[in-house]
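1. Kindly generate the corresponding structure for this input.
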Amino acid sequence: SIIRDNYGQVYSLFIERLIGLSETRRGQLREQFEQRRRCYEEEAKGILGRQASVFAAAETAGRLIEEILELRDLNPDGVVNRIFARVCDEAESDGPRNALVEILGWADANDDYFSHRLLDGSLAPARPGEKLGHKDPNSVAIYPAKLKEMLRRFGYDIKTTLTAWRDRNWIKLTENDKFTYVVRAPNGRTRMIKIVNLDPMNDGTLKDEELW
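-> Now for the predicted structure:
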């Protein structure tokens, strides 16, 4: 509440001090950030890996604000840790969301085996070998058999997961199709499961929180 009530004064002072930090202090902050990022990433066990840096940055910034304002009762570590624990609990209980995170991570790791539609509209083929699907800037489309194989391998129920994705509008459907969409890829038009939610963990969790 102190920061909120004095936002204008706090922000200008924070930026002024931030710009004036010595290289030594900047290095210390980078080291603190990396240490906390690794901790959050490890504690999340991969579920929130993509947001580990967000929590680490919030904690590091909170410590710096506490230092600049010479306040000792903000407790940024405790506040951010509390929010992190709640988000982890919610994530662990949401199987379809976890499944999407794992599938997108797998798709990223195997990016070369997807064809791509580039920003200029041209198509880039996948590398020789198994073809997994097609990507464009706003979606990842995967051949149904391959996606089902990976869901099974990751330990998720296929029907439950795909139904949840459909109900949450995380996949795009062709009319009258249950789970698939007709995608235009380099080898022609074919049915795939087209994922349109590419950031399942970024649901505004931190937006409405009053951190300090």
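2. For S139, give its distance to E70.
-> Note on S139: its distance to E70, by C-beta to C-beta, to the nearest Å, is 49 Å. Heads up, the C-betas are built off the backbone N, CA and C, glycines and all.
3. out of the two, which sits in the more crowded spot?
-> S139 (19 against 6; other C-beta atoms under 10 Å).
4. got any ranges where the protein has weak pLDDT?
-> The model of the chain has pLDDT under 70 over residues 1-11, 45-50, 90-92, 202-212.
5. Helices along that one, start to end?
-> Here the chain has its helices, by DSSP state H, at 2-5, 7-19, 23-44, 52-69, 76-92, 95-109, 144-154, 158-167.
6. Show me what the strand ranked longest in the chain is packed against.
-> For the chain, the strand with the greatest residue count under DSSP state E is strand 188-195. On a contact count with 3 or more C-beta pairs under 8 Å, 6 or more residues apart in numbering; DSSP states H and E, strand 188-195 meets helix 95-109, strand 139-142, helix 144-154, strand 171-172, strand 181-185.
7. Output the first one in PDB with nothing but the alpha carbons.
-> To tie it back to what came earlier, the one meant is helix 95-109. Output in PDB follows, covering the C-alpha atoms of helix 95-109 (Å, rounded to 0.1, in the frame of the first residue of the first chain):
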ATOM      1  CA  GLY A  95      -4.100 -31.800 -16.000                       C
ATOM      2  CA  PRO A  96      -5.200 -30.400 -19.400                       C
ATOM      3  CA  ARG A  97      -3.100 -27.300 -18.800                       C
ATOM      4  CA  ASN A  98      -0.100 -29.300 -17.700                       C
ATOM      5  CA  ALA A  99      -0.500 -31.500 -20.800                       C
ATOM      6  CA  LEU A 100      -0.500 -28.500 -23.100                       C
ATOM      7  CA  VAL A 101       2.700 -27.100 -21.400                       C
ATOM      8  CA  GLU A 102       4.400 -30.500 -22.000                       C
ATOM      9  CA  ILE A 103       3.200 -30.800 -25.600                       C
ATOM     10  CA  LEU A 104       4.400 -27.300 -26.500                       C
ATOM     11  CA  GLY A 105       7.700 -28.000 -24.800                       C
ATOM     12  CA  TRP A 106       8.100 -31.100 -26.900                       C
ATOM     13  CA  ALA A 107       7.100 -29.200 -30.000                       C
ATOM     14  CA  ASP A 108       9.800 -26.600 -29.300                       C
ATOM     15  CA  ALA A 109      12.400 -29.200 -28.700                       C
END
